[in-house]
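J.: Here is my input; please provide its structure:
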Amino acid sequence: GGTQSGGAPLDLVDIDEIIARAPESSIDDEGTSPSVGDSLLNAFKWADFKAEVDEHEEEERRKEEEAAANAAKKVKEMEEKKEILLKQANSATEKDKTLLAQEGNSEFWNRVIPDDLKEGAVAQDLYVGPRKRKRGQILTENGEDISCRPRSRRANSSSDGLISRREIKSLVASFLKFGETSQIDSILSDSRLKDIISPGEATKILNTALEDAKAAIQAISDDDVDAEDDGEQKKKDDRVIDVCGVQESARKIVTRCRELQLLRDKMSAYESDLKFRMSKPIKSANYGTRWTATNDAMLLVGLARHGFGNWEKIKMDKELLLEHKISIPESEGLAVEGAPEPVTLSRRATALLKALFKEEVKFLEQQKARTKSSSRNSVKSVERKSRKTEVGKKKRKTGGGSSRREMRSLMASEMGTITQLRDAGVNPDKQAKLEITKECLLKLGDRIEAVSGNDDSLRKTLWNFIHSEGHCGVEPDGLQKLYKRLKIKSK
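T.: Alright, predicted model coming up:
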């Protein structure tokens, strides 16, 4: 059957319509007009041909639509796979970052080291004999080498029966926490080697390591001096020393021991280590919780008590009052929001120890400068001796010079300064009061030093006189200390 121009099928009964749609052919090849039958036949042929063409175009269009749908489906599937792979990559990256932040995490190294290498290493440890280790010799007074002598018997001891490299490494690490062989019991307890190495052996090993480290640092200093003589630039490097087969930084050993020893020396000047305070606090820390100079002092006390890096023990020490000031997220129940964590605490403790050492160096330099200054003033020694003679005569006349009248006569030229010091106490301006007090103390102290010379008794009596006449709130010893500090600053 045929189809209409709009695509609807023609009714075969409608002959007139078929004929009307048939193409007109006026004359055939022989020059005669076609008959009615021929026209009808041509109409049917044209209708069938048109229907076949439309069906073919419909089939082509349907195939194109199916191909387009399949292509769109494949593109969508590829985009979904791409999103899944991107999510997996981001998840793996975050997991690696988390593992990298956790030092010593075995899971991270299990991922990094291929399985075949791990199996080979395990096989080597299991089936290959023990390697020969290089160890430095430590000799007793009798010439006996005790650096790596056979250790105590135990159930799981190795076949060679010697102190292993891992145990030496643990011993050195604990030594760096305490910094002194006088703390050998704490060092052995921290390294869990009490039943393996005797205190005497451990002390010998650590003392030798410390001496080797100092020698290495001295060698660096000598190289720097030689470089300066040759016009070369200083070398700022480090040396590595061997401690029974374990490599360790010489500078790290010397610096840590020096700082912790100084810290204990400073603390020993106090009746209790809890009263220890830094004379010059460093810049305050900006943590999520309030952190004061007292917390800094207690952190240093914790280092001296429990060792550098033993933050959990320091946190749990009730006397230090740092329980709510330290956060240890790795331990259950010890995390404190906003409080510094172990990495931050290590930086803070290192900065405090450096500041303490710099303060000590500055004090020693000032003492050295005072010594040089006194030697330069040796020219005035004759004048001082004459003054001593004069004061001695006055003391003999007045029975020791302890009377108020005698003190007034000795300090006659400075009585106006004493009155000025007394009047400064009622000055409402705090800054002006401070400046006047400093000026007066310098004048009075210089006069007392000139009069008393090397007579400590007379010097003490004169400071007592200043205290009573000037109505000072500070004790005589305090006035003398203040004068000494002002004198150092004025230089």
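J.: Which helix or strand in this protein has the lowest average pLDDT?
T.: helix 381-397 (a mean of 53; mean pLDDT, DSSP states H and E).
J.: Please enumerate the helices of the stretch 151-300 of the chain.
T.: Ranges of helices in the stretch 151-300 of the chain, per DSSP state H, counting those that start in this stretch, are 165-178, 184-191, 199-229, 250-268, 293-306.
J.: Out of these, which gets nearest to K280?
T.: helix 293-306 (9.8 Å; CB to CB). Just so you know, the C-beta spots here come from the backbone N, C-alpha and C atoms, and that holds for glycine as well.
J.: Helix or strand next in line after the closest one, which one?
T.: Proceeding N to C from helix 293-306, the next assigned helix or strand is helix 311-316, under DSSP states H and E.
J.: ok, back up a step: pick out the shakiest of the helices of the stretch 151-300 of the chain, pLDDT-wise.
T.: Out of the helices of the stretch 151-300 of the chain, helix 199-229 stands lowest, with a mean of 81 (criterion: mean pLDDT).
J.: Which positions within that one qualify as buried?
T.: 201-206, 208-210, 212-214, 216-217, 220, 224 (16 or more other CB atoms under 10 Å).
J.: what pLDDT does G143 get?
T.: Looking at G143, its pLDDT is 51.
J.: Check L100 too.
T.: For L100, pLDDT reads 69.
J.: For D273, the count of nearby residues, please.
T.: Neighbour count of D273, defined by other CB atoms under 10 Å: 20.
J.: for S468, same thing?
T.: That count, for S468 with other CB under 10 Å as the rule, works out to 13.
J.: and it, what is it in contact with?
T.: By CB atoms under 8 Å, 6 or more residues apart in numbering, the contact list for S468 is empty.
J.: Let's verify E332: helix, strand, or coil?
T.: Look at E332: counting by DSSP: H, G, I helix; E, B strand; the rest coil, its state is coil.
J.: how much space between it and I436?
T.: Counting by CB to CB, to the nearest Å, the gap from E332 to I436 is 60 Å.
J.: Who has more neighbours out of these two?
T.: I436 (18 against 7).
J.: so how far is L442 from that one?
T.: 11 Å.
J.: same check, this time on R370
T.: Between R370 and L442 the computed distance is 16 Å (CB to CB).
J.: With neighbour numbers in mind, choose between those two.
T.: Legend: neighbour count by other CB under 10 Å for R370 and L442, higher for L442 (17 against 14).
J.: Find the nearest non-adjacent residue to that one, please.
T.: L486 (5.6 Å; CB to CB, 6 or more residues apart in numbering).
J.: who are the neighbours in contact with the one you found?
T.: Neighbour list for L486: K438, L441, L442, G445 [criterion: CB under 8 Å, 6+ apart].
J.: low pLDDT regions in the chain?
T.: Residues of the chain that meet the criterion pLDDT under 70 lie in 1-53, 99-112, 114-161, 222-238, 374-406, 408-415, 417-418, 420-429, 473, 491.
J.: buried set for the helix or strand where the residue nearest to L442 lies?
T.: If you go by DSSP H and E, L486 is part of helix 476-490. If you call a residue buried by 16+ other CB under 10 Å, then helix 476-490 has these buried ones: P476, L479, Q480, L482, Y483, L486.
J.: can you tell me which two in those residues are farthest apart?
T.: For the buried residues of helix 476-490, and using CB to CB, no pair is farther apart than P476 and L486, which are 15.7 Å apart.
J.: Distance check, E271 against L262.
T.: Distance from E271 to L262, by CB to CB: 19 Å.
J.: make that L353, sorry
T.: For L353, the distance to L262 - CB to CB - is 8 Å.
J.: More neighbours: the two, which one.
T.: Using other CB under 10 Å as the criterion, L353 and L262 rank with L353 on top: 21 against 17.
J.: just to revisit the earlier point, make CSV from the buried residues of helix 476-490 and add distance to R290 to it.
T.: Output for these, formatted as CSV (distance: CB to CB, whole Å):
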residue, distance to R290
P476, 38
L479, 36
Q480, 37
L482, 32
Y483, 37
L486, 34
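J.: ok, now which ones touch I314?
T.: L299, G302, L303, R305, H306, L320, L322, I326.
J.: what's the answer for A339, then?
T.: A339 is in contact with Y287, G288, T289, H324, K325, I326, S327, counting by CB under 8 Å, 6+ apart.
J.: Buried subset of the residues you listed, written for ChimeraX?
T.: Burial among these is assessed by 16+ other CB under 10 Å; the matching ChimeraX selection reads:
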select :287,325,326,327
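J.: so which of the contacts of A339 comes closest to G245?
T.: I326 (35.5 Å).
J.: Just say helix, strand or coil for that closest one.
T.: Here I326 is recorded as coil under three-state DSSP.
J.: ok, back up a step: which of the contacts of L486 fall within helices?
T.: Using DSSP state H, the members of the contacts of L486 that fall in helices are K438, L441, L442, G445.
J.: May I see those residues arranged in TSV, with distance to A250 as well?
T.: Shown next, in TSV, are those (distance: CB to CB, whole Å):
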residue	distance to A250
K438	46
L441	47
L442	46
G445	46
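J.: Out of these, give me the one that has the most neighbours.
T.: That'd be L441 among the ones in helices among the contacts of L486, by other CB under 10 Å, with 24 neighbours.
J.: any idea how far that residue is from P476?
T.: As judged by CB to CB, L441 and P476 stand 12 Å apart.
J.: gap between the residue nearest to L442 and Q480?
T.: Relative to Q480, and taking CB to CB, L486 is found at 11 Å.
J.: list residues touching both of these two?
T.: Common neighbours of L486 and Q480 (CB under 8 Å, 6+ apart) are G445.
J.: can the helices of the stretch 151-300 of the chain go into JSON lines with extra columns for distance to K87?
T.: Output for those, formatted as JSON lines (distance: least, CB to CB, whole Å):
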{"stretch": "helix 165-178", "distance to K87": "41"}
{"stretch": "helix 184-191", "distance to K87": "45"}
{"stretch": "helix 199-229", "distance to K87": "51"}
{"stretch": "helix 250-268", "distance to K87": "44"}
{"stretch": "helix 293-306", "distance to K87": "44"}
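J.: which one of those lies closest to M407?
T.: Set against M407 and scored by CB to CB, the helices of the stretch 151-300 of the chain come closest in helix 250-268, at 37.7 Å.
J.: That closest one versus helix 293-306: what angle between them?
T.: Angle between the axes of helix 250-268 and helix 293-306 is 110 degrees (criterion: axes from the mean of the first three to the mean of the last three CA atoms, to 10 degrees).
J.: For helix 250-268, buried residues please.
T.: By neighbour count on 16+ other CB under 10 Å, the buried set for helix 250-268 is 250, 253-257, 259-260, 262-264, 266-267.
J.: Determine how far the last residue of stretch 265-275 lies from the first.
T.: Stretch 265-275 has an end-to-end distance of 14 Å (criterion: CA to CA, to the nearest Å).
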